[in-house]
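Novice: Sharing a model prediction with you, sequence too.
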Amino acid sequence: MFTPAEASACDRLIRWALEEDLGSAGDLTSQAVVPPDRPGRAAFVARAAGVIAGLPAARQVFAIVDPDLMFTPRVEDGAVVAPGAALAEVRGRMRSILTGERTALNFVQRLSGVATLTRRYVEAAAGLPCQVLDTRKTTPGWRLLEKYAVRCGGGHNHRMGLGDGVLIKDNHLAAVAAGPGAAAEAVRRAREKYGNSVPLEVEVDDLDQLDAALAVRPDVVLLDNMSPNRLCEAVRRRDAAAPGVLLEASGGVNLTTIRAIAETGVDRVSVGALTHSAPALDIGLDYQP
């Protein structure tokens, strides 16, 4: 289920989506052809195999459209389903069901797509002590829900926003100093300002920068666009110099490469594609007599 913050974000998105879809005139087609009190029911059905996420959003769509509609889930978010699986049922006024149909499907299809793609990455790295993380490359306004869907797929969340931790990237380093010592200086400044009150991560793109960063002990070092051979060497150096520092790989990660990256011994792999490139899962709403 959604956390309170996720439920609040979802409610805002649903109201914007319904306003976008209905405008000031409402559902002209249903108002014209469907009697106002005609009862009906419909089932959410998976058209493709995948991992389900977003059923609480569908429930909220129908509750806003018509509080008398009854929404009954048949599976839980995080469930792996086959084509033809019944996911949920909605009962009540047919006109109301038709009015909320597209918006409800948009939420469930989008979030199930993120969960399904995440599960594929998690399975590709299965059996290795390496977490699959998302990034901040999310749809504007949808971050909490998309990161919820990542968890439904078995992945882990990186920081939610800029206020959740320090992540010193290449553009920050360019503003600090030149050369491999920039990472160490940036970490020193962050520790001076925040101490150990927030997580501290620094990005490096070569082994000289890694050595300098390990010397000042950030919580995490992000290894950007390194080959598997370099990642193995980074792990060796970390184990020798600073075994408590986590190593995170990013860049060039896809379903073909993630296994080899995870096998290098890094602790986690961050994948922007989980949220920015997930295709919607094919789900339909089948009306029943």
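Specialist: Everything's here; your move.
Novice: how about residue 247, secondary structure?
Specialist: Local secondary structure at residue 247 is given as strand here, using DSSP: H, G, I helix; E, B strand; the rest coil.
Novice: For the closest residue to it other than its chain neighbours, list the residues it contacts.
Specialist: Nearest non-adjacent residue to residue 247, counting by C-beta to C-beta, 6 or more residues apart in numbering: residue 266, 4.5 Å away. Heads up, the C-betas are built off the backbone N, CA and C, glycines and all. Residue 266 sits next to 130, 223, 231, 234-235, 247-249 when contact means C-beta atoms under 8 Å, 6 or more residues apart in numbering.
Novice: how does it look with 10 Å?
Specialist: Applying C-beta atoms under 10 Å, 6 or more residues apart in numbering to residue 266 gives the contacts 128-131, 221, 223, 226, 228, 231-232, 234-235, 238, 246-250.
Novice: That one and residue 94, how far apart?
Specialist: Separation of residue 266 from residue 94 (C-beta to C-beta, to the nearest Å) stands at 53 Å.
Novice: now do residue 246
Specialist: From residue 246 to residue 94 the distance is 54 Å (C-beta to C-beta).
Novice: got it, and residue 132?
Specialist: Residue 132 is 42 Å from residue 94, by C-beta to C-beta.
Novice: what are the ranges of the strands in this protein?
Specialist: 39-46, 50-51, 70-73, 80-81, 86-93, 131-133, 166-168, 200-204, 220-224, 246-250, 268-270, 283-288 (DSSP state E).
Novice: Tell me which of the ones you listed sits nearest to residue 186.
Specialist: Set against residue 186 and scored by C-beta to C-beta, the strands of the chain come closest in strand 166-168, at 4.6 Å.
Novice: Sheet partners, orientation included, of the closest one?
Specialist: Take DSSP bridges as the rule and strand 166-168 pairs in its sheet with strand 200-204 (parallel).
Novice: mind checking how far the partner strand is from the chain centre?
Specialist: Distance, stretch centre to chain centre, for strand 200-204: 21 Å (C-alpha atoms, centre = their mean, to the nearest Å).
Novice: Repeat that for stretch 27-46.
Specialist: Distance of stretch 27-46 from the chain centroid (C-alpha atoms, centre = their mean) equals 32 Å.
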